[in-house]
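Student: all I have is the shape, not the residue letters:
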Ligand code: SF4
């Protein structure tokens, strides 16, 4: 699978309250959550993005709560994938479990600027920065996680194989 | 090579024998937990994927604590969905209404977690139970749904970091200050994917309440969990509350740690974390003049009876500063009852504080104490992210209950010494 879109950049330690504030957690409707995606980090974000666009961030993206509402809101907003220097661990596992594609790229914010056009090959993890004419390799994804992605998330994986 | 306590607990719950750090393993779980925010997504997923059997209902716990007593229609719907699911699948561990308390204060208090357990919870502060010598970690709703179906979870075997606390604790310093100090030292991603193993003579002398406060905030350093090896204090605590058999694990002397740090507690004064990250810590003497609009004492971090006793000790016979709201929420029904018996609630009400029923409430900006634009709050909770307790333009400072109580009296962030002679 290939993703292509413009980069929207954020800094380090973007927490789950910034991705989807707790005041909206009285619902789990993806379309409702999407309306408030990244609201406390950038209130204009949701009105500026187009389907396929890509979030790029620094270290520890998704820190804080375990709310799966965070990857759900991002996915439902039309963002195709997230690239960050590192992810907080619960956000990382939630993303694979529910099918949001994410990539770890060292020094992501040095390699990608706001507005750069990116093309990402999900299977190889290659990130092409079309604006700069450069190609980067994201960190390899463990076999088990690749299996999850292939099966369509953790629950589909269990259905298919009878266990985790 | 020897194994850490975390690795030993994992080994006792997996069929894989020769795992090493970084491997992904499948583990059997003793308990899976979810709340009124995270359970609905899991239940929705469980149903929509066509599953129709809960592997072991006795290992499932739902605590409806975040937006309860239901703050609006949507929250009521979420709780209803969980209640109906629990009924349908014979899950008896449903805590709501007068039985509900904040999950991470409630589960240890009523003996649902014992040393050696492996617990996953669809709530990031599930790491709290590490203070009992259990391996417990926060996961997402899909993991919880998977646990419903299989009573298992997948985990990446984490590396461990060791933290040794030595020396005498200064006055007004507790577990909250030690963990804030640690987070201030290593940063909010200082322990990403790793286990914080906490030990040392200063930890041995802490009661369970203070230890639970410390492991509660392991996630604030990015850790998978915080863990304190069980000793007499924890064994006594558990045997008072649970009849389940338990296992005491300890790290081998030659176990591998990615780092070992030592702190001298005699250098640690009460800590305050400044907005908007728990790592922005300063000693109380370096805080300066910060006027407050609200003080909140409660949460899974500092809402236990020991915390309320400390606050009452400071607030007794005093008045909350005019123009400041002081909100106090006992974390569980048991804490509430005990605070009433001991006359703590009377002290708080006489001082002019508001007492709420056990709930997460203001901790996550849910209800019962939301901040307006530009307001500043001092809170005994664990997170001070932008918008955490209300308007994105508000600010949250984190501290221990003694500092919070003193600050409620003076109206600005204050050392307890200013109020108690
Ligand atoms: S009290 Fe706060 S941190 Fe603890 S479980 Fe509730 S919302 Fe989470």
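Tutor: Happy to help now that I have it. Treat the numbers as computed from the prediction; the structure is a model and nothing was measured. Numbers count the residues shown, from 1 in each chain, chains lettered A, B, ... in the order given.
Student: the helix or strand encompassing residue B:144 - contacts with which helices or strands?
Tutor: In the assignment (DSSP states H and E), residue B:144 maps to helix B:141-150. Other helices and strands packing on helix B:141-150, by 3 or more Cβ pairs under 8 Å, 6 or more residues apart in numbering or on different chains; DSSP states H and E, are helix A:89-98, helix A:154-161, strand B:31-35, helix B:39-48, strand B:118-121, strand B:152-156. For every residue, glycine as well, the C-beta is placed using N, CA and C.
Student: just send these back as a markdown table, with distance to the ligand too.
Tutor: As requested, these are arranged in a markdown table below (distance: least, Cβ to the nearest ligand atom, whole Å):
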| stretch | distance to the ligand |
| --- | --- |
| helix A:89-98 | 13 |
| helix A:154-161 | 23 |
| strand B:31-35 | 7 |
| helix B:39-48 | 13 |
| strand B:118-121 | 9 |
| strand B:152-156 | 20 |
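Student: identify whichever of these lies nearest to residue B:146.
Tutor: helix A:154-161 (5.2 Å; Cβ to Cβ).
Student: report the buried residues of the closest one.
Tutor: Neighbour-count burial for helix A:154-161, counted by 16 or more other Cβ atoms under 10 Å in any protein chain shown, picks out A:154-155, A:157-158.
Student: I'd like those as JSON lines, with pLDDT and distance to residue B:89 appended.
Tutor: Formatted as JSON lines, those follow (pLDDT from 0 to 100; distance: Cβ to Cβ, whole Å):
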{"residue": "A:154", "pLDDT": "96", "distance to residue B:89": "19"}
{"residue": "A:155", "pLDDT": "96", "distance to residue B:89": "16"}
{"residue": "A:157", "pLDDT": "96", "distance to residue B:89": "22"}
{"residue": "A:158", "pLDDT": "96", "distance to residue B:89": "17"}
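Student: from the residues you listed, which is closest to residue A:124?
Tutor: Checking the buried residues of helix A:154-161 one by one against residue A:124 (Cβ to Cβ), the nearest turns out to be residue A:157, at 21.8 Å.
Student: touching, that closest one and residue A:145? I think so.
Tutor: No - counting by Cβ atoms under 8 Å, residue A:157 stays clear of residue A:145, with 10.5 Å between them.
Student: returning to that earlier point: how far does the helix holding residue B:144 sit from its chain's centre?
Tutor: 22 Å (Cα atoms, centre = their mean, to the nearest Å).
Student: and stretch B:389-401, by the same measure?
Tutor: 17 Å.
Student: and the helix or strand of chain A at the bottom of the mean pLDDT ranking, what's buried?
Tutor: Lowest on mean pLDDT, DSSP states H and E among the helices and strands of chain A sits helix A:143-151, with a mean of 88. Residues of helix A:143-151 classed as buried by neighbour count (16+ other Cβ under 10 Å): A:144-145, A:148-149, A:151.
Student: tabulate these (TSV), appending distance to chain B.
Tutor: Converted to TSV, the buried residues of helix A:143-151 look like this (distance: Cβ to the nearest Cβ, whole Å):
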residue	distance to chain B
A:144	4
A:145	8
A:148	9
A:149	13
A:151	12
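Student: how about the strands of the stretch 101-250 of chain B, start to end?
Tutor: B:118-121, B:135-138, B:152-156, B:160-166, B:195-199, B:225-227 (DSSP state E, counting those that start in this stretch).
Student: of all those, which lies closest to residue A:37?
Tutor: Closest among these, using Cβ to Cβ: strand B:135-138, at 21.7 Å.
Student: list the helices and strands that closest one packs on?
Tutor: If contacts are counted by 3+ Cβ pairs under 8 Å, 6+ apart, strand B:135-138 sits against helix B:5-11, strand B:118-121, strand B:225-227.
Student: could you identify which of these is most buried?
Tutor: Most buried of these, by mean neighbour count (mean count of other Cβ atoms under 10 Å in any protein chain shown): strand B:225-227, with a mean of 29.
Student: what ranges does chain A have for its strands?
Tutor: A:2-9, A:54-57, A:81-84, A:101-104, A:117-121, A:126-129, A:134-137 (DSSP state E).
Student: dump those strands to a markdown table, plus distance to residue B:164 and mean neighbour count.
Tutor: Formatted as a markdown table, the strands of chain A follow (distance: least, Cβ to Cβ, whole Å; neighbours: other Cβ atoms under 10 Å in any protein chain shown):
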| stretch | distance to residue B:164 | mean neighbour count |
| --- | --- | --- |
| strand A:2-9 | 40 | 18 |
| strand A:54-57 | 34 | 26 |
| strand A:81-84 | 32 | 26 |
| strand A:101-104 | 31 | 21 |
| strand A:117-121 | 44 | 18 |
| strand A:126-129 | 42 | 18 |
| strand A:134-137 | 39 | 14 |
